[in-house]
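Undergrad: need a structure here:
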Amino acid sequence: MKFSVSSSELLKRLQVAGGAIGSNPVLPILEDFLFTINNNRLVIAATDLETSITTEIEIMSDSDGSVAVPAKILLETLKALPQQPITFSVNDDNLGIEITSAYGKYKLAGENGQDFPRIPESEEVDTITLSANVLNQGINKTLFATSNDELRPAMSGVYFQVDFNKITFVATDAHKLVKYTFADVSSDVSTSFIVPKKALNLLKNALPGSGEVKLAFNKANAFFSFEDTQVVCRLIDARYPDYNAVIPVENPNVLTIPRSDFQNSLKRIAIYANKTTNQVILKIEDGNLTVSAQDLDFSNEATEQLSCSYDGSPLTIGFNAKFLVEMLSVLDADDVKVEMSTPTRAGILLPSEEKEGEEILMLVMPVMLSN
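TA: The predicted structure follows:
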């Protein structure tokens, strides 16, 4: 089996698929790419058994077939080569692979493609179509709020709620929560599932800047297809917590403030906060916000005053500055609203103006004030 391909095009595809290769694979063959050639198209696959990526590229080939190629040495070789056509020759008897470039020859040992684990196929699936941009936004605005707690697997992924013509992405770690809803999705179904964090990170890096993504799913897997690439992941089999139950409804105290001013102030004040709690205190009165923090162990403290508009009773409340800064960096609006009720109940962050067809709500639990 022999084929020729552009080194830079191949490298680009391998870097997309290579994200699925785990750092400590359970089987040696999982350290390989599976190359499958059919009608002058090369399909490249990689998997860690939970997440799989396949991507295709046009090549010039003398026959069809498959071989498993060691990923690390191939990637390092291609990264070190300038852009040029290269030729792969695979010995059908011993699966030895010889790569020929303008500079010379490189030999590596392949493995039998038949031994490579089967990538799940989209059987008995429901399908929705959404723009790559919506999916990208949904991932970027929620992924940071997922939990790292292995004892709560449901929270370690992003919850996708498909409801006919809209999709909602939810992430929470019990301290913060993000709910991002986007209308204008074409779907004939109403369902929900939890997508793991690793798959979403890989997807985020592979998604094109424009175009559409076909999202197919069944009970076990989700299949994201776009251009010549497909990302397949095993869904998290757990029940997602009832997130609507924790979103407070009555929030009579509303602070409106320029987002970047608030964020920059928090970044500065957080330097002086206790490193365990990251607690900053917001003292809010009519037209005036005082942001302060102190770390009694080191006698560090800082205070800043910002002008704002405020509708409600005077309020003093503590939050984790790190969480607030993360949330503010994800909100796109110039001005943000913080809706609160009492110092012991969650605060809600919202953009002061919603974009048409999308809604975003962020919730952050208070850090209790110590007397």
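Undergrad: how's this protein carved up into domains?
TA: 2-115, 126-244, 248-364 (automatic domain parsing).
Undergrad: OK, contacts around the residue lying closest to Gln279 once chain neighbours are set aside?
TA: When the adjacent residues along the chain are set aside, Gln279 lies closest to Val367, with 4.4 Å between them (CB to CB, 6 or more residues apart in numbering). No exception for glycine: its C-beta is placed from N, CA and C like everyone else's. Contacts here follow CB atoms under 8 Å, 6 or more residues apart in numbering; on that basis Val367 touches Thr277, Asn278, Gln279, Gly318, Phe319, Asn320.
Undergrad: neighbours of the closest residue to Asp335 other than its chain neighbours, how many?
TA: In space, and not counting its chain neighbours, Asp335 is closest to Ser352: 3.9 Å by CB to CB, 6+ apart. Residues lying near Ser352 (other CB atoms under 10 Å) number 15.
Undergrad: bridging residues for Phe223?
TA: Residues in a beta bridge with Phe223, per DSSP bridges, are Ala216, Val232.
Undergrad: wait, what's in contact with Gln217?
TA: No Gln there; residue 217 is Phe. Counted by CB under 8 Å, 6+ apart, Phe217 has contacts Val125, Asp126, Thr127, Thr191, Phe193, Phe223, Leu235.
Undergrad: distance of it relative to Lys179?
TA: Here the criterion is CB to CB, to the nearest Å. By it, Phe217 lies 20 Å from Lys179.
Undergrad: buried residues in stretch 176-190?
TA: Lys176, Leu177, Val178, Lys179, Tyr180, Thr181, Phe182, Val185, Ser187 (16 or more other CB atoms under 10 Å).
Undergrad: the second one sits in which helix or strand?
TA: Pointing back at Leu177 there. Using DSSP states H and E, Leu177 sits in strand 176-183.
Undergrad: now for that strand, which elements pack on it?
TA: Packing partners of strand 176-183 (3 or more CB pairs under 8 Å, 6 or more residues apart in numbering; DSSP states H and E): helix 132-142, strand 166-172, helix 321-330, strand 358-364.
Undergrad: now do the helices in this protein.
TA: 7-18, 71-80, 132-142, 197-206, 259-270, 321-330 (DSSP state H).
Undergrad: which among these is found nearest to Asp286?
TA: helix 259-270 (17.2 Å; CB to CB).
Undergrad: I'd like to know which elements the closest one is packed against.
TA: strand 279-285, strand 288-295, strand 300-307, helix 321-330, strand 335-340.
Undergrad: can you give me the buried ones in it?
TA: By 16+ other CB under 10 Å, the buried positions in helix 259-270 come out as Arg259, Phe262, Gln263, Ser265, Leu266, Ile269, Ala270.
Undergrad: please apply the same query to stretch 320-333.
TA: Those would be Asn320, Ala321, Lys322, Phe323, Leu324, Val325, Glu326, Met327, Leu328, Val330, Leu331, Ala333, for stretch 320-333 by 16+ other CB under 10 Å.
Undergrad: got the contact list for it?
TA: Contacts of stretch 320-333 (CB under 8 Å, 6+ apart): 140-141, 144-145, 175-176, 178, 259, 262-263, 266-267, 269-270, 273, 277-280, 293, 336, 349, 351-353, 355, 360, 362, 364, 367.
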